[in-house]
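Undergrad: next comes the sequence, and after it the predicted model I'd like to discuss.
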Amino acid sequence: MPVPVLLPELGESVLEATIAKWLVKEGDTVERDQPLVEVTTDKVDAEIPAPEAGVVVGLLVAEGETVPVGTEIATIDADAVATTSAAPAASATAAPAAPSGSAAARPSATPVAERLAADRGVDLGQVQGSGVSGRITRADVENAGSGAPAAQPPPPAPPPPQHIKAPTAAPAPAPHLAGAKERFGYYAIQEGDNVIPMSPLRKIVAEHMVYSKHTSPHVGTVAEVDMGGIYALRGKNKNAFRQAQGFSLTYLPFLVHATVRALREFPILNASVIEDAIVEKRDIHIGIAVETEKGLVVPVVRNADRLSLAGLAAEVEDLSSRARNKKLTADDLQGGTFTVSNPGRQGNLYGFAIINQPQVGILRMGEMVKRPVIRDVDGADAIVVRPMMHVALSYDHRAVDGSPANGFLFRVRQLLEEADFDV
Amino acid sequence: MSLQIDWLGQVPYGRALELQKQAVEDRCAGRCGDRLFLLEHPPVVTFGRSGKPENLRVPESELQARGIELHHVARGGDVTFHAPGQLVGYAIVDLEARGKPDVVAWLRQLESCLFDALAELGVAGAAEPGKTGVYVAGAEPLRKLASIGVGVRRWVTFHGFALNVTLDPASFDVIVPCGLEDVSMTSVAKELGIAATPTLLMRSREAVATAFARALP
């Protein structure tokens, strides 16, 4: 009796599929559920099993052809199971029948049946084969294993293979957290404590900070900068600048401008450690650390060395306003080669920022305060009042030694004090 | 029903194929429950059943020179590339036992789990009609974060997804990913604008495991 093999429904919205590869040929004897063909549809490759045991009498669709669901793709002659022994090798392409002579000595079994028998400890000699030429099929072994009359008492259910652990819905704790409780002490949350789940951004920042401190030996150096020149320059130009540009001129662009010029002279601060090499970068892209209500972000001013002071000011203004309005894109945050951090009015005297990996340096501005300092006035020391700012450099001692780092920071200070900027 | 999730570390492609084959057989025979293998591969290019040779951009000798293996495999989809820094997930799941024998629904399920994992990491993922995979939400032109391709044997799935975490998207230059010329590859690290750290890989693994454990309890 011919049994049609239909292309089954693979999913509600799957209307057709392509025959990718026939796994059997015409004349082959197949078991029920043996894979006949691989069919493919968008991103899915599915094996179609034989609906019945029998002999494949027709493969109706060629490899590469696409047919609708429900199409008959092959035909199996189910009766052939019982009768093939009478007509073995009926066609030239038929599979050779099992050698019947040796059947008595060592019963012939399908590979699946052999493996199953080995797994379950079933003696194949005790099993009556129901397949072609008395070949033992998987079903025969299963029946024998479940206590069919001829077989010895069924062996106990096989123990689950060793690699299968007790099912768990939740994944095991991450390796880097395992044991943390024991090693570092543990705080049990108490009533009245405020538990704030970390936002994704908070987690990323946290991870980045830990990674940076692990990776780079940080060294800090501070310069005290007389901002008097820039203070005067800004005071003189701020109204005109505001009218021309539409936003206020802050101190940050001056810092960035001086930093960029000093980086050109000390390229080792504009670098990354990549495996066993220090890579001094051709381009200078300055990250600007900006505090937003959601947390810290560091948008990047690209090719900062090609921009005028006004250009830098415009770029900084654009990035920080977009950071506050959450309009930054992934590209805005990428590729910085050095970072300047401006903690704002409450930045305190000075502080050392953590390096923004994979960079090797970060400059942090302190608060600007008028202080009495000693200056040479008409050839005599005099106490004068000047707006002073501490600027702190953190650098990666893997790549940068003290001498270039000090030289760099000293140069930044010089450029700020000279106040030779084209506003 | 339960899903057992295992992190296997770095596994050569051929070994992972054998492992899946065995797991599918075990699942079909009812010897184990549903599994999710999480792993990384050494550099390898694989062609799915719909793979077109022209989507390999360099001669095979060039792959050899770069130490990249080449495999043709029984999964849907075109050509793809795996390397360390990419989180690969192979899901051995009996769709029939879960009451939803529908391969397209399974593709959507994989995407949905990856959306959840990505949200946890701070990246908004999105689907693209007609182009199975996970893309950066709202990106124009499309930027792809994860490729998806599955096999099904007696309603038990194998293969799964490959999520670029810290893998440099430029390393896809040897192929036309999934045969899509107008799509560029990206990574979680790139989208977040942060360095490719080992901890990011670990966190991605956790996020993916959590998403699957929730979706397939």
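TA: Received the coordinates, thanks. Numbering: from 1, shown residues only, chains lettered A, B, ... in the order given.

Undergrad: so how far is chain A from B:Ala117?
TA: 11 Å (C-beta to the nearest C-beta, to the nearest Å). Backbone N, C-alpha and C define where each C-beta goes, glycine included.

Undergrad: pLDDT below threshold where in chain B?
TA: Applying pLDDT under 70 to chain B flags residues B:1, B:178.

Undergrad: what's the answer for the stretch 151-300 of chain A, then?
TA: In the stretch 151-300 of chain A, residues with pLDDT under 70: A:151-185.

Undergrad: try it again at 50.
TA: A:151-182 (pLDDT under 50).

Undergrad: show me the strands in it, by range?
TA: A:218-226, A:271-274, A:277-280, A:286-292, A:295-297, A:300-301 (DSSP state E, counting those that start in this stretch).

Undergrad: what's the most buried one of the ones you listed?
TA: strand A:300-301 (a mean of 24; mean count of other C-beta atoms under 10 Å in any protein chain shown).

Undergrad: okay, now the sheet partners of it, with direction.
TA: Strand A:300-301 pairs in its sheet with strand A:286-292 (antiparallel), by DSSP bridges.

Undergrad: hang on, B:Leu36 in a helix?
TA: No. According to DSSP: H, G, I helix; E, B strand; the rest coil, the state of B:Leu36 is strand, so it is not within a helix.

Undergrad: ok, it touching B:Val88?
TA: No. Using C-beta atoms under 8 Å as the test, B:Leu36 is too far from B:Val88 to be in contact (10.8 Å).

Undergrad: list residues touching both of these two?
TA: B:Gly160 (C-beta atoms under 8 Å, 6 or more residues apart in numbering or on different chains).

Undergrad: ok, back up a step: now the strands of the stretch 151-300 of chain A in CSV, with distance to A:Asp33?
TA: Listed next are the strands of the stretch 151-300 of chain A as CSV, based on distance: least, C-beta to C-beta, whole Å:
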stretch, distance to A:Asp33
strand A:218-226, 64
strand A:271-274, 54
strand A:277-280, 58
strand A:286-292, 59
strand A:295-297, 56
strand A:300-301, 59
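
Undergrad: out of those strands, which is closest to B:Leu63?
TA: Proximity to B:Leu63, assessed across the strands of the stretch 151-300 of chain A by C-beta to C-beta, is greatest for strand A:271-274 (24.3 Å).

Undergrad: so which residues on the stretch 301-423 of chain A come close to chain B?
TA: A:330, A:332-334, A:357-358 (C-beta under 8 Å from any C-beta of the partner chain).

Undergrad: which one of the strands of the stretch 151-300 of chain A lies closest to B:Val165?
TA: strand A:271-274 (18.9 Å).

Undergrad: follow-up on the earlier one: of the strands of the stretch 151-300 of chain A, which is nearest B:Pro12?
TA: B:Pro12 lies closest to strand A:271-274 among the strands of the stretch 151-300 of chain A, at 26.6 Å (C-beta to C-beta).

Undergrad: ok, that closest one near chain B or not?
TA: No. Strand A:271-274 does not reach chain B (C-beta under 8 Å from any C-beta); its nearest approach is 9.4 Å.

Undergrad: ok now that strand, how far from the chain's centre?
TA: Offset of strand A:271-274 from its chain centre (C-alpha atoms, centre = their mean, to the nearest Å): 21 Å.

Undergrad: that one - contacts with which helices or strands?
TA: Packing partners of strand A:271-274 (3 or more C-beta pairs under 8 Å, 6 or more residues apart in numbering or on different chains; DSSP states H and E): strand A:277-280.

Undergrad: before we move on, the earlier item: in helices, which of the residues of the stretch 301-423 of chain A next to chain B fall?
TA: Among those, DSSP state H puts none in helices.

Undergrad: which one is the residue in the stretch 251-400 of chain A that chain B sits nearest to nearest to, not counting chain neighbours?
TA: The minimum distance from the stretch 251-400 of chain A to chain B, using C-beta to the nearest C-beta, falls at A:Leu333 (2.9 Å). Nearest-residue entry for A:Leu333: B:Gly193, 2.9 Å, with adjacent residues in sequence omitted and distances by C-beta to C-beta, 6 or more residues apart in numbering or on different chains.

Undergrad: who's in contact with the residue of the stretch 251-400 of chain A closest to chain B?
TA: A:297-300, B:192-193.

Undergrad: report the contact partners of the most centrally placed residue in chain A.
TA: Centroid-nearest residue in chain A: A:Ile204, 12.7 Å away (criterion: C-alpha atoms, centre = their mean). By C-beta under 8 Å, 6+ apart, A:Ile204 lies in contact with B:121-122, B:192, B:194.

Undergrad: TSV for those residues, including secondary structure?
TA: TSV is the format used below for those (three-state DSSP):
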residue	secondary structure
B:Leu121	helix
B:Gly122	coil
B:Leu192	helix
B:Ile194	coil
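
Undergrad: which ones among those residues also lie next to chain A?
TA: B:121-122, B:192, B:194.

Undergrad: what's the burial count for A:Asn348?
TA: Counted with other C-beta atoms under 10 Å in any protein chain shown, the neighbours of A:Asn348 add up to 9.

Undergrad: for the strand ranked longest in chain B, the distance to its chain's centre please.
TA: Counting by DSSP state E, the longest strand found in chain B is strand B:143-153. Per C-alpha atoms, centre = their mean, the displacement of strand B:143-153 from the mean C-alpha position of its chain is 5 Å.

Undergrad: please export the C-alpha coordinates of that strand as PDB.
TA: The C-alpha atoms that make up strand B:143-153 are tabulated as PDB, following Å, rounded to 0.1, in the frame of the first residue of the first chain:
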ATOM      1  CA  ARG B 143      22.700  47.300  12.100                       C
ATOM      2  CA  LYS B 144      22.500  43.700  13.100                       C
ATOM      3  CA  LEU B 145      23.400  42.400  16.600                       C
ATOM      4  CA  ALA B 146      22.400  38.800  16.400                       C
ATOM      5  CA  SER B 147      22.000  36.200  13.700                       C
ATOM      6  CA  ILE B 148      19.500  33.400  14.000                       C
ATOM      7  CA  GLY B 149      19.300  30.000  12.200                       C
ATOM      8  CA  VAL B 150      17.700  26.800  13.400                       C
ATOM      9  CA  GLY B 151      17.300  23.200  12.500                       C
ATOM     10  CA  VAL B 152      14.300  21.000  13.500                       C
ATOM     11  CA  ARG B 153      14.200  17.200  13.800                       C
END
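
Undergrad: adjacent strands (with direction) for it?
TA: strand A:44-49 (parallel), strand B:134-136 (antiparallel), strand B:156-164 (antiparallel), strand B:184-185 (parallel).

Undergrad: contacting residues for A:Phe266?
TA: Taking C-beta under 8 Å, 6+ apart, one finds A:404, A:407-408, A:411 in contact with A:Phe266.

Undergrad: ok, and the most crowded of those residues?
TA: Busiest of the contacts of A:Phe266 [other C-beta under 10 Å] is A:Phe408, holding 26 neighbours.

Undergrad: for the helix or strand harbouring that residue, name the packing helices and strands.
TA: Using DSSP states H and E, A:Phe408 maps to helix A:402-418. With contacts defined as 3+ C-beta pairs under 8 Å, 6+ apart, the packing partners of helix A:402-418 are strand A:218-226, helix A:228-245, helix A:252-265, strand A:361-377, strand A:380-396.

Undergrad: most packed of those?
TA: The most buried one of those (mean count of other C-beta under 10 Å) is helix A:252-265, showing a mean of 22.

Undergrad: between that helix and strand A:361-377, how many degrees?
TA: 100 degrees (axes from the mean of the first three to the mean of the last three C-alpha atoms, to 10 degrees).

Undergrad: how far does helix A:252-265 sit from the chain's center?
TA: 34 Å.

Undergrad: how about stretch A:52-61?
TA: That offset, for stretch A:52-61, works out to 46 Å (C-alpha atoms, centre = their mean).

Undergrad: kindly report the same for stretch B:139-149.
TA: 12 Å.

Undergrad: residues of that stretch that come out buried?
TA: B:139, B:142-149 (16 or more other C-beta atoms under 10 Å in any protein chain shown).

Undergrad: turn the contacts of A:Phe266 into TSV, including distance to A:Asp140.
TA: Shown next, in TSV, are these (distance: C-beta to C-beta, whole Å):
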residue	distance to A:Asp140
A:Pro404	81
A:Gly407	85
A:Phe408	82
A:Arg411	87
